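S.K.: Build me a model from this:
(chains A and B)
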Amino acid sequence: AQSVTQLDSHVSVSEGTPVLLRCNYSSSYSPSLFWYVQHPNKGLQLLLKYTSAATLVKGINGFEAEFKKSETSFHLTKPSAHMSDAAEYFCVVSVASGGSYIPTFGRGTSLIVHP
Amino acid sequence: GAGVSQSPSNKVTEKGKDVELRCDPISGHTALYWYRQSLGQGLEFLIYFQGNSAPDKSGLPSDRFSAERTGGSVSTLTIQRTQQEDSAVYLCASSSSTVMNTEAFFGQGTRLTVV
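M.R.: Numbering: from 1, shown residues only, chains lettered A, B, ... in the order given. This is a model prediction of the structure:
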């Protein structure tokens, strides 16, 4: 069965330092993977998605993620954290269900950014 | 409309009462999803619609939960005889299809509190 595991429930960084949010996936076929962000009291927003066109995917707000098949990983990175990046981040995989694909979420990683 | 609209944004109800949560998807989106997000938890998938049809209802937590979609547009999630454990944010999303790499667009959610 397809699933994603977010390895950290919380990540704390200082403003201006790199961000790494880890996600591993399990899939019997080449997956579609997404990262969503949820700011406090805001709706979920797509950051980026992987669809096999390129292994390095660039998203909004300076985030990017690299698909590594050998490591079954799709980690989210950003070179320099900003205070406004503080939010909950979800790794998502499309799971097959009766001929359709359902976005299935990891448990989330809370990113805390210190001044 | 411009985005996914959910109503009400907040709902406080007494234990044992029935509630209806409404989702108005993006115009033209054939797929519609319901999720539940409890405090500090990831998103729990409840049910999805392709058109007016719900092929997989196995994610609904109990037979007190039901959902329908009419005219391939608005969907209603109904919870009968609410319990305190039903307290959560209920999120609705829509997408243009249920193929593998299709992005889902989320509403702001309905925060349900059962007292």
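
S.K.: Tell me the strands beside the top strand by length along chain A, with direction?
M.R.: Using DSSP state E to define each element, chain A has its longest strand at strand A:87-97. Strand pairing for strand A:87-97, determined by DSSP bridges: strand A:33-38 (antiparallel), strand A:100-105 (antiparallel), strand A:109-114 (antiparallel).

S.K.: give me the beta-bridge partners of B:Lys11?
M.R.: With DSSP bridges as the rule, B:Lys11 is bridged to B:Leu112.

S.K.: what's the neighbour count on A:Pro40?
M.R.: The local packing of A:Pro40 (other Cβ atoms under 10 Å in any protein chain shown) involves 7 other residues. All C-beta atoms are positioned from the backbone trio N, CA, C, and that covers glycine.

S.K.: Could you check the strands paired with strand A:87-97 and tell me which one is nearest A:His82?
M.R.: strand A:109-114 (7.0 Å; Cβ to Cβ).

S.K.: for the closest one, which positions count as buried?
M.R.: If you call a residue buried by 16 or more other Cβ atoms under 10 Å in any protein chain shown, then strand A:109-114 has these buried ones: A:109-111, A:113.

S.K.: Now do the SS call for the residue in chain B positioned nearest to chain A.
M.R.: Closest to chain A within chain B is B:Thr98: 3.4 Å, counting by Cβ to the nearest Cβ. Here B:Thr98 is coil, with the state taken from DSSP: H, G, I helix; E, B strand; the rest coil.

S.K.: pretty sure it contacts A:Ser100?
M.R.: Yes. B:Thr98 lies in contact with A:Ser100 (Cβ atoms under 8 Å); the separation is 3.4 Å.

S.K.: Report how many residues lie close to the nearest residue in space to A:Val19 that is not next to it in sequence.
M.R.: Spatial nearest neighbour of A:Val19, excluding adjacent residues (Cβ to Cβ, 6 or more residues apart in numbering or on different chains): A:Lys78 at 4.2 Å. Per other Cβ under 10 Å, the neighbour tally for A:Lys78 reads 21.

S.K.: Regarding the residue most central in space within chain B, what is its secondary structure?
M.R.: Centroid-nearest residue in chain B, with Cα atoms, centre = their mean: B:Trp34, separated by 3.3 Å. Three-state assignment for B:Trp34 (three-state DSSP): strand.

S.K.: list the contacts for the closest residue in space to it that isn't next to it in sequence?
M.R.: Nearest non-adjacent residue to B:Trp34, counting by Cβ to Cβ, 6+ apart: B:Leu46, 4.3 Å away. Contacts for B:Leu46 (Cβ atoms under 8 Å, 6 or more residues apart in numbering or on different chains) come out as B:33-36, B:59-61, B:65, B:67, B:77.

S.K.: got it, and B:Lys11?
M.R.: So B:Lys11 contacts B:19, B:21, B:110-113 (Cβ under 8 Å, 6+ apart).

S.K.: By mean pLDDT, flag the weakest helix or strand of chain A.
M.R.: Least confident element among the helices and strands of chain A, by mean pLDDT, DSSP states H and E: strand A:100-105 (a mean of 89).

S.K.: Would you mind pulling the contact partners of that one?
M.R.: Contacts to strand A:100-105, defined as Cβ under 8 Å, 6+ apart, come from residues A:2-4, A:32, A:34, A:36, A:90-96, B:31, B:33, B:35, B:42-43, B:45, B:48, B:50, B:55-56, B:93, B:98-100, B:102, B:104.

S.K.: among those, which ones are buried?
M.R.: Buried, going by 16+ other Cβ under 10 Å: A:2, A:4, A:32, A:34, A:36, A:90-95, B:31, B:33, B:35, B:42-43, B:45, B:48, B:50, B:93, B:98, B:100, B:102, B:104, out of those.
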